[in-house]
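Enquirer: sequence and predicted structure are below.
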Amino acid sequence: MLKKWMALALIVLTITTSAAFAGTSHWGGFENPTGPIADKVNDIYNFLFWVTAIIFIGVQAVLIYSIFKFRRKKNPKPATFTHNTPLEIVWMTIPAIICVVIAWKSFDGMRFIRSMPETGIDIEVIAYQFGWDFDYPDLEVSAPEMDMEVAKKNEKWLKELTAYNDSFTVKEMVVPVNTNVRLHITSRDVIHAFYVPELVIKVDSMPGRINYQWFNIPKEGVYIGQCAELCGSAHGFMYFAIRAVSQEDYAKWVNKQRNENGLEPLTGAQLAELKS
Ligand SMILES: [Cu+2]
């Protein structure tokens, strides 16, 4: 009797927790995935989830069926044969096909993620102990440090972080929305990693080597990034921000930086040309 109640309780628990998770915006997967790369990775993740879920359910169903159907009590004299050639061919072929489909889906995603777009803006990312430089070589500007006192008031995430340690600086890469951004990533000292969780990109920044990555942000906002390779004592405070703004605000920001560097402002047409 107790066993029956326990089984019933387990079933109810399973159904209610599944329902609870299904009601949230993401159950598993990535938090707030943004942009084409995040969509692609999410797509592969969900595909793999269902492939494994169906395999799991299928295997468990056969297992439970066999346990009941062929239990010793009902089968005092079990069969003693071994091997079944057609069956063995089937259970080799089906998993092989599943592996090929998973590989095809993964390599297709990898090709998309690793192919730098033909047009876009170029930014050089240079990591160092402990911070980041974001240089825009075509525009002859660099991302400035955030004014931490102002930023702490406006940026909730920064306020939370600086509650633990406020002796670090954050640089803000400003990019226009709906534009391909091509990153050329390197390091000045040790190995770091450029990681932006919401954009689902993570690339090592290695001294003496340039790695590449692209992204495209569809909606305005701030996307927080951090170093994802243990690189020294202040690794945990090696944050940066990517701010996606409208095309007009981007042009304003570029010209403000150029002005501070004593350079002529660029027109909208000149900026558009630099994207190709
Ligand atoms: Cu680092």
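Expert: The structure has been received and is ready for your questions.

Enquirer: which parts of the protein are strands?
Expert: 121-128, 131-136, 141-142, 171-176, 180-187, 192-196, 201-205, 211-216, 221-227, 239-245 (DSSP state E).

Enquirer: and the first one with strand 211-216, angle?
Expert: Put plainly, it is strand 121-128. 130 degrees (axes from the mean of the first three to the mean of the last three C-alpha atoms, to 10 degrees).

Enquirer: do the last one as well
Expert: Interaxial angle, strand 239-245 versus strand 211-216 (the same axes, to 10 degrees): 40 degrees.

Enquirer: which other residues reach strand 239-245?
Expert: Residues outside strand 239-245 that contact it (C-beta atoms under 8 Å, 6 or more residues apart in numbering) are 131-132, 134, 146, 155, 161, 168, 170-177, 196, 199, 217, 219-226, 253. Heads up, the C-betas are built off the backbone N, CA and C, glycines and all.

Enquirer: hmm, try it at 7 Å
Expert: The contact list for strand 239-245 (C-beta atoms under 7 Å, 6 or more residues apart in numbering) reads 132, 161, 170-177, 196, 217, 219-226, 253.

Enquirer: close to the ion, is that strand?
Expert: No - figure legend: strand 239-245 not in contact with the ion (C-beta under 5 Å from the ion); closest approach 10.4 Å.

Enquirer: tell me how far that strand lies from the chain's centre.
Expert: 16 Å (C-alpha atoms, centre = their mean, to the nearest Å).

Enquirer: tell me which parts of the chain are close to the ion?
Expert: 192, 227, 231, 235, 238.

Enquirer: burial measure for the second one, as a count.
Expert: By the criterion of other C-beta atoms under 10 Å, C227 has 25 neighbours.

Enquirer: turn the residues of the chain next to the ion into CSV, columns for pLDDT.
Expert: Shown next, in CSV, are the residues of the chain next to the ion (pLDDT from 0 to 100):
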residue, pLDDT
H192, 97
C227, 95
C231, 94
H235, 90
M238, 91
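
Enquirer: quick one: which of these is most hemmed in?
Expert: H192 (32 neighbours).

Enquirer: which residue is the nearest non-sequential neighbour of it?
Expert: Spatial nearest neighbour of H192, excluding adjacent residues (C-beta to C-beta, 6 or more residues apart in numbering): A127 at 3.7 Å.

Enquirer: beta-bridge partners for the one you found, please?
Expert: On the basis of DSSP bridges, A127 is bridged to W132, S187.

Enquirer: and the residue of the stretch 1-150 of the chain that's closest to the ion?
Expert: A127 (5.8 Å; C-beta to the ion).
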